[in-house]
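**Student:** Mind looking at a prediction? Sequence and model below.
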Amino acid sequence: MAKRHIHKNYHRNSRAQKRERVIRRCFLGLKVILLMGGTVGTSLLLILAYDAVTQSPYFEAQTITVQGNQRFSKEAILKRAGLKLHDNILSVNLNTLRYRLMADPWIAATEVERELPGAIHIRVKERVPIAIVDLNRPFYLDEEGEIFKRVESSDQARLPVVTGLALSDIDFNNPWSSRLFRAVMKALRLSPLHENVIPVHALQRIHVDRDMGLTLFAFFPTCTLSATPASLPSFASKPDRREQAARSAVVIKVGFGDYESKYRRLRDIICYLKKENGFLNLQSIDLNDLDRVVVRPSLAGHAGTRSVSGTSDLWPGRRKEV
């Protein structure tokens with residue numbers, strides 16, 4: 001016997017269906033209202049909690065430490081950062097504080113940390129200038145090879161001056177890609193390692209020549225030469241010129257490459273000349289030739305040149321000329 005299909009009478013149930021739809025919509029609207037109210041209520045609670053925490057004296061900065069500062073005092077660092085004691089440490093934006101410090105060209109890097117409940121620690125890395133690069137205007141060069149700040153007329157800078165470089169010789173995005181720049185940095189980094197040969201304060205200038213390489217100008221403590229105007233930087237102050245007028249720089253030609261070996265040979269020849277003569281009175285030292293060192297005395301010193309024999313202890317198998 002076949003089953004009979006029961007057809008609902010939609011016409012008779014239409015009112016009930018409408019009522020069900022209205023009830024469902026009311027429940028849906030109520031859920032949305034409750035959800036929105038809950039979200040708003042939670043946000044208000046979070047805002048009130050944030051205000052309470054960031055204004056609480058429990059999280060006031062009782063201790064602020066600054067490390068790594070040599071050029072700037074702690075007070076100067078805090079002033080530039082816009083930070084002071086009793087500031088709420090949770091209200092401090094650490095990124096903003098870092099950006100404020102990094103805006104100073106003398107600061108290379110900085111780290112800022114919170115320590116609950118009431119301490120902030122600041123560590124800065126200051127730039128250490130090792131030379132001044134003369135690019136029509138003088139700029140500081142740091143130990144990482146960054147040209148970072150123009151030298152102001154009020155600065156009391158006592159640093160070697162690099163001359164002969166042009167703006168076209170330096171890619172400021174990657175300065176180390178330049179052969180001339182790499183040569184200068186190598187010579188500057190080797191100088192402190194050979195303090196007994198050329199004291200850092202005695203290295204007065206490094207001149208760069210695209211064909212001949214590097215030439216150093218240094219004041220040896222025992223030199224007594226007349227002034228050489230070409231040895232002074234174009235932007236040297238008048239007191240500097242008067243101070244250096246009583247002496248002249250020894251020209252040391254080192255060319256390109258093999259700088260470590262050349263510095264060692266320079267040390268050997270300086271020690272030899274001091275031992276033989278008891279003093280130095282030189283015009284130039286040429287280290288370009290790996291087989292010999294050519295030393296020229298100053299015009300105010302010995303008139304001629306002489307050949308040094310019996311000096312095999314300096315560089316065995318090599319020819320020396322003085």
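**Tutor:** Okay, I see it.

**Student:** From now on I want contacts and neighbour counts done on CA atoms only, so please keep to that.
**Tutor:** Noted.

**Student:** Leu165 versus the nearest residue to Pro175 once chain neighbours are set aside, what's the distance?
**Tutor:** Spatial nearest neighbour of Pro175, excluding adjacent residues (CA to CA, 6 or more residues apart in numbering): Phe181 at 6.7 Å. According to CA to CA, to the nearest Å, Phe181 stands 8 Å off from Leu165.

**Student:** Strands of this structure, start to end?
**Tutor:** Per DSSP state E, the chain carries strands over the ranges 63-67, 107-115, 119-126, 129-135, 137-142, 147-150, 161-163, 203-209, 213-218, 250-255, 282-286, 294-297.

**Student:** Name the residues that touch the fourth one?
**Tutor:** Going back to what we said before, that points to strand 129-135. 138-143, 147, 151, 159-167, 188 (CA atoms under 8 Å, 6 or more residues apart in numbering).

**Student:** angle of that strand against strand 137-142?
**Tutor:** If you take axes from the mean of the first three to the mean of the last three CA atoms, to 10 degrees, strand 129-135 sits at 150 degrees to strand 137-142.

**Student:** Specify the angle between strand 129-135 and strand 203-209 in degrees.
**Tutor:** Going by the same axes, to 10 degrees, strand 129-135 makes 40 degrees with strand 203-209.

**Student:** Now strand 129-135: buried residues?
**Tutor:** Pro129, Ile130, Ala131, Ile132, Val133, Asp134 (16 or more other CA atoms under 10 Å).

**Student:** got the CA positions of it in CSV?
**Tutor:** Only the C-alpha atoms of strand 129-135 are listed here, as CSV (Å, rounded to 0.1, in the frame of the first residue of the first chain):
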residue,chain,number,x,y,z
PRO,A,129,86.0,59.6,15.3
ILE,A,130,89.4,58.5,14.0
ALA,A,131,89.9,61.0,11.2
ILE,A,132,88.5,64.0,9.4
VAL,A,133,87.8,63.6,5.7
ASP,A,134,88.2,66.7,3.6
LEU,A,135,85.5,66.6,0.9
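
**Student:** And the helices in the stretch 1-150 of the chain, which stretches?
**Tutor:** 10-54, 74-81, 94-102 (DSSP state H, counting those that start in this stretch).

**Student:** got those helices as TSV, with mean neighbour count columns?
**Tutor:** Formatted as TSV, these follow (neighbours: other CA atoms under 10 Å):
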stretch	mean neighbour count
helix 10-54	12
helix 74-81	15
helix 94-102	16
